[in-house]
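> no FASTA, just this:
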Ligand code: CP
Ligand code: NVA
């Protein structure tokens, strides 16, 4: 494994706020094939392990394929198959994995668990979704918005649960100067300390943040409308939660309040007919599958930056 002089972890997207525009720019370049050279293999000889305590389609496949494209070896470690959480602590798991791997991604229930893994790892750790944060999703989402910047206005509106996806989306959006409004049902607001962090970032960039319990108010003139499922992984027992989202569906009537060129965004998986209608998710305004693809390019940029920063800079200077 690589001996990092100073490793950095990505636990929440504001860990990389300063670099985010450049990371996105790099990701767009490699996606468009600009300057891709056959022998550009920044993760050659490196192994990246990904631990999953919850199911995943996009995150798992995008990390496996992305690491492979960068010349590295991806390993998927399903929590049922490893000792973590059964007969071995997070701290010991981190120490052991750091002897084999050059980077670790971790999808967990409690955010404190990915913090603990990062604390005891000597190699970079990437949060692949916790109950509080989903930074890789936010990086891909801001990449998707940047790709469409010529045709959409920069006002981003969230309608739905005050959850992990919203937390990193607002942190990333305001750091890149986008105004942000969100509508959540009463009692399902985002974490107050994370909103405070977003407000502090927005003070420096000039972005405006507003909140409401009225979806129609949140999407007035929006350039982007974003939603997610109402019941996240690990919340399946909260059967009463779904009913709180009556009136929060993204449908043709609601989106008529947005700009005509607005983008519809969703991290996926979507529950069609619940938080969004087929008419909206299948419309010309929907970029949900671009978002899914961009998970891979954005993570390739992040992994190269975190595991082989010299190669990241060299590539950037060349192209
Ligand atoms: N958006 C997202 O993280 O999808 P998966 O749960 O399929 O990884
Ligand atoms: N909020 C959802 C996002 C899934 C990608 C969850 O945590 O289950």
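On my side now, so go ahead. All of these numbers come straight from a predicted model, not from anything done at the bench. Ligands and ions are numbered 1, 2, ... in the order given.

> how about the residues of this protein near ligand 1?
56, 57, 58, 59, 129, 137, 267, 268 (Cβ under 6 Å from any ligand atom). For glycine as for every other residue, the C-beta is placed from the backbone atoms N, C-alpha and C.

> show the buried residues in these.
Neighbour counting by 16 or more other Cβ atoms under 10 Å classes 56, 58, 59, 129, 137, 267, 268 among the residues of the chain next to ligand 1 as buried.

> so who does the nearest residue to the first one once chain neighbours are set aside touch?
I take that to be residue 56. Leaving aside its chain neighbours, residue 56 sits nearest to residue 107 (6.1 Å; criterion: Cβ to Cβ, 6 or more residues apart in numbering). Going by Cβ atoms under 8 Å, 6 or more residues apart in numbering, residue 107 touches 50, 51, 52, 53, 54, 56, 59, 128, 129, 130.

> now do residue 107 against residue 247, distance only.
Here the criterion is Cβ to Cβ, to the nearest Å. By it, residue 107 lies 31 Å from residue 247.

> same question for residue 293.
Using Cβ to Cβ, residue 293 is found at 32 Å from residue 247.

> got it, and residue 132?
According to Cβ to Cβ, residue 132 stands 26 Å off from residue 247.

> same check, this time on residue 73
For residue 73 relative to residue 247 (Cβ to Cβ), the value is 48 Å.

> so which of the two has more stuff around it?
residue 73 (16 against 13; other Cβ atoms under 10 Å).

> I'd say the more buried one and residue 49 touch.
No: using Cβ atoms under 8 Å, residue 73 makes no contact with residue 49, being 9.3 Å away.

> what residue is smack in the middle of this structure?
By Cα atoms, centre = their mean, the chain has its centre lying nearest to residue 137, at 1.7 Å.

> what number of residues lie near residue 206?
That count, for residue 206 with other Cβ under 10 Å as the rule, works out to 9.

> does the closest residue to it other than its chain neighbours sit in a helix, a strand or a coil?
Once flanking residues are discounted, residue 206 sits nearest to residue 177: 6.5 Å by Cβ to Cβ, 6+ apart. Here residue 177 is coil, with the state taken from DSSP: H, G, I helix; E, B strand; the rest coil.

> which stretches of the chain form helices?
With helices called from DSSP state H, the chain shows them at 20-31, 58-69, 90-100, 111-120, 135-147, 164-175, 192-205, 215-218, 252-255, 278-281, 288-307, 309-318.

> on that earlier part again, just the pLDDT for the residue nearest to the centre of the chain.
Looking at residue 137, its pLDDT is 99.

> go on, the one 4 residues further on?
Residue 141 carries a pLDDT score of 98 in this model.

> enumerate every residue touching it.
Residue 141 is in contact with 169, 172, 226, 265, 267, 291, 294, counting by Cβ under 8 Å, 6+ apart.

> what about stretch 136-149 and ligand 2, touching?
No: Stretch 136-149 is not in contact with ligand 2 by Cβ under 6 Å from any ligand atom; minimum separation 6.6 Å.

> what residues does the protein have near ligand 2?
For the chain, the contact set with ligand 2 under Cβ under 6 Å from any ligand atom comprises 129, 163, 164, 165, 228, 229, 232, 233, 267.

> could I get the residues you listed as CSV with pLDDT and distance to residue 5?
Converted to CSV, the residues of the chain next to ligand 2 look like this (pLDDT from 0 to 100; distance: Cβ to Cβ, whole Å):
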residue, pLDDT, distance to residue 5
129, 98, 29
163, 98, 36
164, 98, 31
165, 98, 33
228, 98, 38
229, 97, 41
232, 96, 37
233, 96, 36
267, 98, 34
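
> state the pair within those that is farthest apart.
Spatial extent of the residues of the chain next to ligand 2 (Cβ to Cβ) is set by the pair 129 and 229 at 12.9 Å.

> related to what we said a few turns ago, specify which member of the contacts of residue 107 is nearest to ligand 2.
If you rank the contacts of residue 107 by distance to ligand 2 using Cβ to the nearest ligand atom, residue 129 comes first, at 5.9 Å.

> phi, psi of the closest one?
Main-chain torsions, residue 129, degrees, to the nearest 10: phi 120, psi 120.

> quick one: the residue nearest to residue 251 when sequence neighbours are not counted from residue 243, how far?
Closest residue to residue 251 apart from its sequence neighbours, by Cβ to Cβ, 6+ apart: residue 277 at 4.6 Å. Per Cβ to Cβ, residue 277 is found 19 Å from residue 243.

> which one's more surrounded, these two?
Per other Cβ under 10 Å, whichever of residue 277 and residue 243 has more neighbours is residue 277, with 18 against 9.
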